[in-house]
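[1] When you get a sec, could you give me coordinates for this:
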Amino acid sequence: MVPHLKTALNGPLLELEKTFLEHSAKIEFWFREQWQKHQAPFYSSCDLRNSGFKLAPVDTNLFPGGFNNLNRSFFPLCVQAAISRIESICPNAQKVLLIPENHTRNLFYLENVFEITNILKLAGIEVRIGSLIPDLKENKIIELKSNQTICLEPLIFENGKLKLKDFEPCLILLNNDLSAGAPDFLKAAATNQLVLPPIHAGWKTRRKSNHFAAYDRVVNDFARHIGIDAWRINPAFGVCQSVNFHERQGEECLTHSVAVVLERVRAKYKEYGIAEKPFVVVKADAGTYGMGIMTVYDARDVVALNRKQRNKMSVIKEGQEVSEVLIQEGVHTFETLNDSAAEPVVYMMDKFVVGGFYRVHISRGKDQNLNAPGMHFEPLAFETGCHQPDCADRPDAPPNRFYAYGVVARLANLAASLELEETAPNA
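    Below you'll find the model as predicted:
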């Protein structure tokens, strides 16, 4: 059954969901037009926040690591989407080389790797896993808590191509976000082999500010198309470069940007009669795993950080130093599971919504980052999928609520497509 979620269903969001339902044919036609012009990422996931008066994405991941958190009833959608995408880019593909993160001790992540291989196998593809672990010289078999096993194999770079022993792939699929950068042999292989997502999608070069700039354009066009205020599905943001939290460099830019975003949000709260206190989230412009993030209610707070807070904001995954930050409008989450704050995460393959889950945190509040140690996940399970509204039923019925979530997640997916096109090395 679906986890029981308590959601603040005050007017504007319910009205927004009804608008989506009433214009579903128009919305789907708009998406079909967009996907004729752009190629969706191979896969992605989108973190959403539902405040009861606003529904917006706060992060889009192009190397999703939670396929093991999806309800298994969604797997046929995953397989169908994988077949569709592989047929469109490499119709004769028979072999895929999957390159995961180097987390050999993170069994939850490795369950995700297993599920990706399982989806591709069900799509009729032979899959093997090649590891970027530098000192891996022979196959490494890892037993998972699900009683399954995966085998990590050492990569072979030969004649400008990446392969494994007795295995030359048609496609290299990355599930490694390249936070520390791509090794030279992977860059060289990408000139001769199809690598998805492309190397420039990795966090060494990707910037969240580029993504949300693309999202801003996508949403403005979409909002005009169906006649809504774009702000209701779009978080305001600013960006600061040349920041050094240890040396207090860039504080003037941070203070100004926080003040500007907060003022924009206050104006919108006043327009809609919203009594909540506005806040912003300052986060590393590159990076994932919920690292390098803080909540700010007042511009003066960014110059009053203590040493522990500065240390937390200074470094992200792979020890990468933070020098650029995104200042993003904070979106409260009014969704709870067993009185714990929850937020939906929607998964996509190609241009299709293929499932999702709730990220839940027992000790975090409605205005805090839930992607933090102590979180857990609740799979979604519905009689109908996120993309199949029941217009005859109540607007707040679960299939309809998740149609709205699917629409916003697909807007973020489309923004990721534009982002990758515009930041490609030869763009």
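
[2] Return the distance of A304 relative to E329.
    Counting by CB to CB, to the nearest Å, the separation of A304 from E329 is 21 Å. In short, each C-beta sits where N, CA and C put it, glycine included.

[3] Show me which of these two is the more surrounded one.
    Under the neighbour definition other CB atoms under 10 Å, A304 and E329 were set side by side, and E329 has more, 23 against 8.

[4] which ones are touching that one?
    Contacts here follow CB atoms under 8 Å, 6 or more residues apart in numbering; on that basis E329 touches A56, P235, A236, F237, V261, R264, V265, P278, V280, V281.

[5] List just the nearest of those residues to F20.
    Taking CB to CB as the measure, F20 lies nearest A56 of the contacts of E329, at 13.9 Å.

[6] Would you confirm that the closest one belongs to a strand?
    Yes - under DSSP: H, G, I helix; E, B strand; the rest coil, A56 falls within a strand.

[7] how about the helices in the stretch 201-350 of the chain?
    Remark: helices assigned in the stretch 201-350 of the chain by DSSP state H, counting those that start in this stretch are 208-226, 251-272, 307-314.

[8] counting contacts, what elements does the longest helix belonging to the chain pack onto?
    Secondary structure of the chain per DSSP state H: the longest helix is helix 398-423. With contacts defined as 3 or more CB pairs under 8 Å, 6 or more residues apart in numbering; DSSP states H and E, helix 398-423 has these neighbours: helix 11-22, helix 24-37, strand 43-50, strand 55-61, helix 208-226, strand 340-349, strand 352-361.

[9] Export the contacts of E329 as JSON lines, with columns for pLDDT, neighbour count and distance to Q94.
    As requested, the contacts of E329 are arranged in JSON lines below (pLDDT from 0 to 100; neighbours: other CB atoms under 10 Å; distance: CB to CB, whole Å):
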{"residue": "A56", "pLDDT": "96", "neighbour count": "23", "distance to Q94": "41"}
{"residue": "P235", "pLDDT": "97", "neighbour count": "23", "distance to Q94": "42"}
{"residue": "A236", "pLDDT": "97", "neighbour count": "22", "distance to Q94": "47"}
{"residue": "F237", "pLDDT": "97", "neighbour count": "22", "distance to Q94": "43"}
{"residue": "V261", "pLDDT": "97", "neighbour count": "25", "distance to Q94": "49"}
{"residue": "R264", "pLDDT": "97", "neighbour count": "17", "distance to Q94": "52"}
{"residue": "V265", "pLDDT": "97", "neighbour count": "23", "distance to Q94": "51"}
{"residue": "P278", "pLDDT": "96", "neighbour count": "20", "distance to Q94": "53"}
{"residue": "V280", "pLDDT": "95", "neighbour count": "30", "distance to Q94": "49"}
{"residue": "V281", "pLDDT": "94", "neighbour count": "23", "distance to Q94": "44"}
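
[10] got JSON lines for the residues you listed, with distance to E33 too?
    Listed next are the contacts of E329 as JSON lines, based on distance: CB to CB, whole Å:
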{"residue": "A56", "distance to E33": "23"}
{"residue": "P235", "distance to E33": "25"}
{"residue": "A236", "distance to E33": "27"}
{"residue": "F237", "distance to E33": "27"}
{"residue": "V261", "distance to E33": "32"}
{"residue": "R264", "distance to E33": "30"}
{"residue": "V265", "distance to E33": "32"}
{"residue": "P278", "distance to E33": "35"}
{"residue": "V280", "distance to E33": "34"}
{"residue": "V281", "distance to E33": "33"}
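
[11] Which of those sits closest to N371?
    Of these, the one sitting nearest to N371 (CB to CB) turns out to be V281, at 11.1 Å.

[12] give me the beta-bridge partners of the closest one?
    T295, Q328 (DSSP bridges).

[13] Surely R300 and H256 touch.
    No - with contact defined as CB atoms under 8 Å, R300 does not count as touching H256 (11.9 Å).

[14] So for those two, which residue has more residues nearby?
    H256 (15 against 11).

[15] Local confidence estimate at that one?
    Here, the pLDDT recorded for H256 equals 94.

[16] Now it: closest residue in space, sequence neighbours ignored.
    A299 (7.6 Å; CB to CB, 6 or more residues apart in numbering).

[17] The one you found - how many residues pack around it?
    Counted by other CB under 10 Å, the residues lying close to A299 total 19.

[18] For it, list the residues it contacts.
    Contacts for A299 (CB under 8 Å, 6+ apart) come out as T255, H256, V258, A259, L262.
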